[in-house]
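Undergrad: Below are the sequence and a predicted model for it; my questions follow.
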Amino acid sequence: MSRTRILLSEYTGVSISLLGPSHWGGDPRADLFPDATGFALVFTGLALSMVFTSLAFLASVIARDKARGIGFVLLLWFYFALIYDGLVLLILFSFSDYPLEKLTLVLSALNPIDLGRIFIMLKMDISALMGYTGALYKDFFGNGSGILFTAGIMLLWILLPCGSQ
């Protein structure tokens, strides 16, 4: 058996064991109110679980030492959860005199947490609280092609780290 096949089998097993409780234990909102918002919460939770499992497997392949692997995964989490948003705000603030609509869409696709957050906020119909950017997101992500774009980018976030192993 090849190493790639073993890693993909392990990834599948770990993903299924993480997705099972998330799906069956689930989000109470999705169980009580099976509407678009409930679907968005469940989809985002399942997709982010698979994305970060994929990134964790990539970190385990890259780092030969357990301590380095754990440190790398914590650094990735810290980057995606905190640092990335600060860098995006710095870019948007620094270049506020220029039209940044397309750049904002690209930057939101480069972080799976932000992509999931935007997807949920649009389904909750609170994009008006985000101002002009919310209108841009609603225009792009609010229709069927936006949902396909979100699903496709999340799929890329799952497949690219797995494929590079």
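TA: Nice, thanks for sending it over. Numbers count the residues shown, from 1 in each chain.
Undergrad: For Tyr11, give its distance to Ala56.
TA: Tyr11 sits 9 Å away from Ala56, going by CB to CB, to the nearest Å. Placement of C-beta: from N, CA and C, glycine included.
Undergrad: next one: Ala40
TA: In this view, Ala40 and Ala56 are 24 Å apart by CB to CB.
Undergrad: More neighbours: those two, which one.
TA: For Ala40 against Ala56, the residue with the higher neighbour count under other CB atoms under 10 Å is Ala40, and the figures read 22 against 19.
Undergrad: Do you know the pLDDT at that one?
TA: Residue-level confidence at Ala40 comes out at 80, pLDDT.
Undergrad: And the next helix or strand past the lowest-mean-pLDDT helix or strand in the chain?
TA: In the chain, no helix or strand scores lower on mean pLDDT, DSSP states H and E than helix 28-32, which sits at a mean of 66. Going down the chain from helix 28-32, the next helix or strand is helix 36-62, by DSSP states H and E.
Undergrad: Give me the contacts around the helix or strand following that following helix.
TA: Under the assignment DSSP H and E, the closest C-terminal helix or strand after helix 36-62 is helix 66-78. Judged by CB atoms under 8 Å, 6 or more residues apart in numbering, the contacts made with helix 66-78 from elsewhere in the structure are 52, 55-56, 59-60, 62-63.
Undergrad: Mind listing what's buried along helix 66-78?
TA: Using 16 or more other CB atoms under 10 Å as the test for burial, helix 66-78 gives 69, 72-73.
Undergrad: before we move on, what about stretch 82-94?
TA: Within stretch 82-94, the residues that qualify as buried by neighbour count (16+ other CB under 10 Å) are 84, 88.
Undergrad: same deal with stretch 110-128?
TA: 111-116, 118-123, 127.
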